[in-house]
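Novice: Here is a sequence with its predicted model. Questions after.
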Amino acid sequence: MYETRSCFRPTHILSVIRSSFIRSFGKGGNKKVYSQEDCAISAFAMFHLKSPSLLQFQDVCRDKDKKGNIKSMYSVKDVPSDTTMRERLDPVESEVINRAIHDVIGMAQRSQELQDWDFLKTKLISLDGTGFFSSSTIHCKNCCEKRSKKDGSILCYHHEMLVGSIVNPFQKQVFPVLFEPICKEDGEEKNDCERNAGKRWLKHYRRLYPNMPTTIVADGLSSNGPFIQALKEARCSFILGAKEDDHKFLYDWFFSAEEPDVIDFTEERKSVKHRYRFMNNVPLNEKNFDLKVNVLMLEEEDLSHLTKRGKEKKKLAPKRRWVWVTDYPLTLENVRTIAQGGRARWKIENETFNTLKTQGYHFEHNYGHGYKNLSNVLAGMMLLAFLFDQILFAFNKEVKKAFEKTSSTYRYLWQKLKSLFEEWIVDSLEKLYLSVFKPPPKPVL
Ligand SMILES: [Zn+2]
């Protein structure tokens, strides 16, 4: 009946998540009425079903049939109330969610299917920060604060996190591997926050994934001496954006160099002119003169605005230019691949954050703030639900078919799953997805 390998069936992935929670909380949790893992899995179910609020999820759980569906689909013994869920998840550390993310990634890795995402025999991980909460009144112990420069008064409270996701220039799906909440102690400036959280992210990453060959791709905020040093210590290769304003010394060195120190060539593919310029062993800046990086520039110019005789037929498209620093020794053979890796960075913004914010996940909704960790825990749980969906879209044939059946749009698929969930008694997650492309016969009144 099912064409998909058993490890990629939703019930199996859910059992991996449940086992991870049980290992983190200890069997039976703290022996209260609801086990800690039931509280965590209920929150996961809320995000998997894309409920827009805890209250609406509770309304669903009050209905006998739907409560039965949650129990049978997610193996939850009893669904806790919204207050209980908030109270029990507030003290949970984000490490618990990261371990569950790690266990799902480990399962996909062991299946060998994740090899299709390999980049130069490593996993290409796009690292970037995003905000998911902001308020002038609601706050908790771990909120970041934005203060007035005039009198130091608090202007707003906010939460942000740094997320690393496996990306590949030729694959649509992205797989989050680890998130690191940005905390008050990281500073008030965006740059400081991301740099400090970035170093912590690397330490946590290597603790959870000690042997994963890795290339980190990130924006210009990361191409500074201390972070490159931290990347080297963590045994990570890197492709980092380098902006002219931050790297005047490097730009002067790189653009004033002449052949044979620098290689510069142009080629045309599909009406686009590509100019590559690269140079190895360039000092990062005066302060870090001994820290040598390899520099690659790609310039792209769309030529489709020109007729065959070179005359303009439409408005001139602007030239686009990227400059990266990397530890990969650059050669005529690998610069195209390195540039593709560098450009895959946008996938974390487009395929991860934008999907979470605009494609039905409600990333910026406030599901409950708590006093300690709740805000970070719920955002992490949503990331786990996103990973669950991405694994299914990549490797589960039934879910792929369901996605195609719903015009390949996330929103329509969520809507379809939700209506099946609300109208039918469903005994497993597999049946729910199967019902999208093999719907049950419509009852006649
Ligand atoms: Zn807070």
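Specialist: Received it, and whenever you're ready, just let me know what you need.
Novice: ok so Q390 is a strand residue?
Specialist: No: in this structure, Q390 is helix, not part of a strand, as judged by DSSP: H, G, I helix; E, B strand; the rest coil.
Novice: Against the ion, how distant is the closest residue to it other than its chain neighbours?
Specialist: Setting aside the residues directly before and after it, Q390 is nearest to Q173 in space (CB to CB, 6 or more residues apart in numbering), at 4.7 Å. Placement of C-beta: from N, CA and C, glycine included. From Q173 across to the ion, the span is 31 Å (CB to the ion, to the nearest Å).
Novice: hang on, Q173 in a helix?
Specialist: No: counting by three-state DSSP, Q173 is not found in a helix; it is coil.
Novice: ok, it - contacts?
Specialist: Shown in contact with Q173 (CB atoms under 8 Å, 6 or more residues apart in numbering): 351, 390-391, 393-394.
Novice: and with 10 Å instead?
Specialist: 116-117, 165-167, 347, 351, 387, 389-395 (CB atoms under 10 Å, 6 or more residues apart in numbering).
Novice: Can you report phi and psi for it?
Specialist: phi -70, psi 150 (degrees, to the nearest 10).
Novice: and if you look at A379?
Specialist: phi -60, psi -40.
Novice: can you tell me which residues contact it?
Specialist: So A379 contacts 47, 94, 97, 130, 132-133, 159-161, 163, 179, 181, 356, 363-364, 367 (CB under 10 Å, 6+ apart).
Novice: Check which residues of the helix or strand of the chain with the lowest mean pLDDT are buried.
Specialist: Lowest by mean pLDDT, DSSP states H and E among the helices and strands of the chain is helix 54-62, with a mean of 82. Buried residues in helix 54-62, counted by 16 or more other CB atoms under 10 Å: 54, 57-58, 60-61.
Novice: which parts of the stretch 251-400 of the chain sit against the ion?
Specialist: S375 (CB under 5 Å from the ion).
Novice: Closest residue of the stretch 251-400 of the chain to the ion?
Specialist: Nearest to the ion in the stretch 251-400 of the chain, going by CB to the ion, is S375, at a distance of 4.7 Å.
Novice: Show me the domain layout of the chain.
Specialist: 6-94+368-437, 241-330 (automatic domain parsing).
Novice: before we move on, back to that, give me the contact list for the least confident helix or strand of the chain.
Specialist: Counting by CB under 10 Å, 6+ apart, 42-43, 45-47, 49, 51, 53, 66-67, 69-71, 76, 78-83, 85-86, 365-368, 378, 418, 421-422 sit against helix 54-62.
Novice: ok, now stretch 255-267?
Specialist: Under CB under 10 Å, 6+ apart, the answer for stretch 255-267 is 244, 253-254, 273-282, 295, 297, 299, 301, 323, 330-332, 335-336.
Novice: D63 contacts E423, correct?
Specialist: No: at 11.3 Å, D63 does not count as touching E423 under the criterion of CB atoms under 10 Å.
Novice: returning to what we had before: counting neighbours, what do you get for the residue of the stretch 251-400 of the chain closest to the ion?
Specialist: 27 (other CB atoms under 10 Å).
Novice: show me the contacts for it.
Specialist: 90, 132-133, 138-140, 142-143, 157-159, 161, 181, 366-369.
Novice: related to what we said a few turns ago, mean neighbour count, the domains of the chain: which tops it?
Specialist: domain 6-94+368-437 (a mean of 19; mean count of other CB atoms under 10 Å).
Novice: quick one: whichever strand or helix holds S165 to chain centroid distance?
Specialist: Using DSSP states H and E, S165 sits within strand 154-166. Distance of strand 154-166 from the chain centroid (CA atoms, centre = their mean, to the nearest Å) equals 13 Å.
Novice: Can you name the next helix or strand after that strand?
Specialist: strand 175-182.
Novice: I'd like the next helix or strand past that next one.
Specialist: helix 190-208.
Novice: Tell me which residues of that next one come out buried.
Specialist: Of the residues in helix 190-208, those buried (16+ other CB under 10 Å) are 193-202, 204-206, 208.
Novice: Repeat that for stretch 170-178.
Specialist: 171, 173-178.
Novice: now stretch 135-149
Specialist: So, applying 16+ other CB under 10 Å, buried residues of stretch 135-149: 139-140, 142-144.
Novice: That stretch near the ion at all?
Specialist: Yes: contact between stretch 135-149 and the ion is present through 140, 143 (criterion: CB under 5 Å from the ion).
Novice: mean confidence score for that stretch?
Specialist: The average pLDDT within stretch 135-149 is 86.
Novice: Can you work out which other helices and strands pack against whichever strand or helix holds W322?
Specialist: W322 is part of strand 320-326 when elements are defined by DSSP H and E. Packing contacts for strand 320-326, counted by 3 or more CB pairs under 10 Å, 6 or more residues apart in numbering; DSSP states H and E, involve strand 214-218, strand 236-241, helix 248-256, strand 272-283, strand 292-302, helix 335-343.
Novice: How far away from the center of its chain is it?
Specialist: Offset of strand 320-326 from its chain centre (CA atoms, centre = their mean): 22 Å.
Novice: Over to stretch 72-80?
Specialist: On CA atoms, centre = their mean, the centre of stretch 72-80 falls 27 Å from that of its chain.
Novice: do the same with stretch 39-46
Specialist: On CA atoms, centre = their mean, the centre of stretch 39-46 falls 20 Å from the chain's centre.
Novice: can I have it written out in CSV, keeping just the CAs?
Specialist: What follows is stretch 39-46, C-alpha atoms only, in CSV (Å, rounded to 0.1, in the frame of the first residue of the first chain):
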residue,chain,number,x,y,z
CYS,A,39,3.0,18.0,26.6
ALA,A,40,5.8,18.3,24.1
ILE,A,41,4.2,16.1,21.4
SER,A,42,0.9,18.0,21.9
ALA,A,43,2.8,21.2,21.1
PHE,A,44,4.4,19.5,18.1
ALA,A,45,0.9,18.3,16.9
MET,A,46,-0.4,21.9,17.2
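Novice: any weak-confidence spans in the chain?
Specialist: 1, 27-32, 188, 305-317 (pLDDT under 70).
Novice: which residue sits closest to I22, ignoring its sequence neighbours?
Specialist: E37 (5.3 Å).
Novice: From V16, how far off is the one you found?
Specialist: Distance of E37 to V16, given as CB to CB, to the nearest Å: 13 Å.
Novice: tell me the SS of the residue nearest to G225 when sequence neighbours are not counted?
Specialist: Among residues not flanking G225 along the chain, N288 sits closest, at 3.8 Å (CB to CB, 6+ apart). On the three-state scheme (three-state DSSP), N288 is labelled coil.
Novice: which helices and strands sit right next to the helix or strand where I97 lies?
Specialist: Element membership for I97 (DSSP H and E) is helix 94-110. Counting contacts by 3+ CB pairs under 10 Å, 6+ apart, helix 94-110 packs against helix 10-25, helix 36-48, strand 154-166, strand 175-182, helix 190-208, helix 374-395.
Novice: Perfect, I'm done here.
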